[in-house]
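K.L.:
structure for this input, please:
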Amino acid sequence: MATNLHLDFTEMSDKQERFFLSHKRFVAYGGARGGGKSWSVRAKSIMLAVKHAGIKILILRRTYKDLERNHVRELTPMLKDIAKYHAQEKYFKFPNGSIIELGYCANEGDALQYQGVEYDVIFIDEATQFTEQMFNLIFPSIRGANSFPHRMYLTCNPGGVGHEWVKRLFVSRQYTDSENPEDYEFIPATAFDNKVLLRTDPQYIDMLNRLPDGLREAWRDGNWDMLAGRYFAEFNRAVHVIEPFEIPAHWRRYRTIDYGLDCLACLWIAVNELGEYFVYREYAESDKIISLGAREIVNASTGEDIVYTTAPTDLWARSQESGKNKADLFRENGLALTKANNNREAGWLAIKDLLHIKNGESRLKIFNNCYNLIEHLPALQRDQKKPTDCMTEPHEITHLPDALRYFALSYTSPAPTPKKELTPIAQHEQQLLREIRRKNRW
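P.N.:
Numbers count the residues shown, from 1 in each chain. Predicted coordinates for the structure are as follows:
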């Protein structure tokens, strides 16, 4: 069947070889521009189709235009006289019964078309262009009562709407209870690993070197913390993230929340004598009803004197059915709220001011146990249509930063300077001074 098939592996990189040989259930490859990702997808899919008779493979891109340009045009000549292309259904059928289907997923509704369909292997090319919801809807389609490998291969660059979920799973390796860390492997590759590219287009590296700060580190080096377009370019983990310590009793403590049924987010913030802010605890739970979420936040604050809890103004919008608003429900469950200023641009600018680094220090510090805030705050992207605002997508990373934004515009006062305990001699001296002053007045 494959006598006319020719795949040239003579200049395959070590990273590409790792990608081809990995047997993990979820394999991500790339992390920078020019790493030879799309070729790897095509070569790996063809090898699987030839080796496993009857295997069903799906290759996905976010848009039809990208699918046509990157895979249909490339696979058609590669598979000439090897597999028959069915243009209307967009799949290649091999004589041994194997199928490579080509699809796209422009929106989350498109992902539903793959539910109920069984695939043995799925490739998501440029996975950071897919939302986490798309990923969650697609990967359950990898199944089948057969002996074929059942895997998902992803290629990726930093940036895009899916940056955070790809980074969480494959770079930061932070998993939920339902995710097995042993199922995931990340194979980082850059243009420097691509021998063919370096030989045929040596100017490509020069182009990457000329990119602006942030974009250069992301596209050239695969740095997932240096996104171009980051709203909070001031954020520096070495400065803003610190080890937890015991909050002094005299510091003022506050809470701030953001609420939607998709997520109830809360931050605990302490303010010291210098007006410096310390985020010392976080809470972020999805599908949490108000009564339960409020009680959990209150219980987490046991023994603490909270000055007030800020919240967005929309929580005071009254329900036509009950006459109550969400703020009432929070208060009835022990969490009284204070209205925050909801000006988005002013709030973000206030956070930028707190993050500003002067002489190696800033007014905002975050305990390193506040993992979600540390990940989400620097991931917020600048709105291209309104540069003074942040993008609202991906929505799942906005809740804790929004809570911080409400607090940044709230009135606070520095903690009082604690009074020093005087020694008995010092107390006696002060008493003598008071007596002298009293006599002098007479």
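
K.L.:
pLDDT at the closest residue to Ala336 other than its chain neighbours, what is it?
P.N.:
Using C-beta to C-beta, 6 or more residues apart in numbering and skipping the chain neighbours, the partner closest in space to Ala336 is Thr309 (6.8 Å). Backbone N, C-alpha and C define where each C-beta goes, glycine included. pLDDT, Thr309: 97.

K.L.:
with the one 3 residues further on instead?
P.N.:
The pLDDT attached to Pro312 in the predicted structure is 96.

K.L.:
wait, Lys195 sits on Asp14?
P.N.:
No - counting by C-beta atoms under 8 Å, Lys195 does not reach Asp14; the two are 10.2 Å apart.

K.L.:
which one of those two has more residues nearby?
P.N.:
Lys195 (14 against 10; other C-beta atoms under 10 Å).

K.L.:
ok, now how distant is the more buried one from Thr10?
P.N.:
9 Å (C-beta to C-beta, to the nearest Å).

K.L.:
again with Arg253
P.N.:
64 Å.

K.L.:
between these two, who's got more neighbours?
P.N.:
Each of Arg253 and Thr10 had its neighbours counted (other C-beta under 10 Å), and the higher figure belongs to Arg253 (20 against 6).

K.L.:
quick one, phi psi at the more buried one?
P.N.:
phi -120, psi 140 (degrees, to the nearest 10).

K.L.:
so it touches Asn272, yeah?
P.N.:
No - Arg253 lies out of contact with Asn272 (C-beta under 8 Å); the separation is 10.9 Å.

K.L.:
doesn't Ile257 belong to a helix?
P.N.:
No - Ile257: not assigned to a helix; according to DSSP: H, G, I helix; E, B strand; the rest coil it is strand.

K.L.:
what strand or helix carries the closest residue to it other than its chain neighbours?
P.N.:
Computed as C-beta to C-beta, 6+ apart, the closest residue to Ile257 that is not its neighbour in sequence is Cys266, at 4.6 Å. Secondary structure assigned from DSSP states H and E places Cys266 in strand 263-271.

K.L.:
output the very next helix or strand once past that strand as CSV, nothing but the C-alphas.
P.N.:
Sequence order places strand 277-285 as the next helix or strand after strand 263-271, per DSSP H and E. C-alpha atoms of strand 277-285 as CSV (Å, rounded to 0.1, in the frame of the first residue of the first chain):
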residue,chain,number,x,y,z
TYR,A,277,-0.8,45.4,50.2
PHE,A,278,-0.3,41.7,50.9
VAL,A,279,-2.6,39.2,49.3
TYR,A,280,-2.4,36.3,51.7
ARG,A,281,-5.2,33.9,50.7
GLU,A,282,-7.4,33.2,47.7
TYR,A,283,-10.7,31.3,47.0
ALA,A,284,-12.0,30.4,43.6
GLU,A,285,-14.8,27.9,43.2
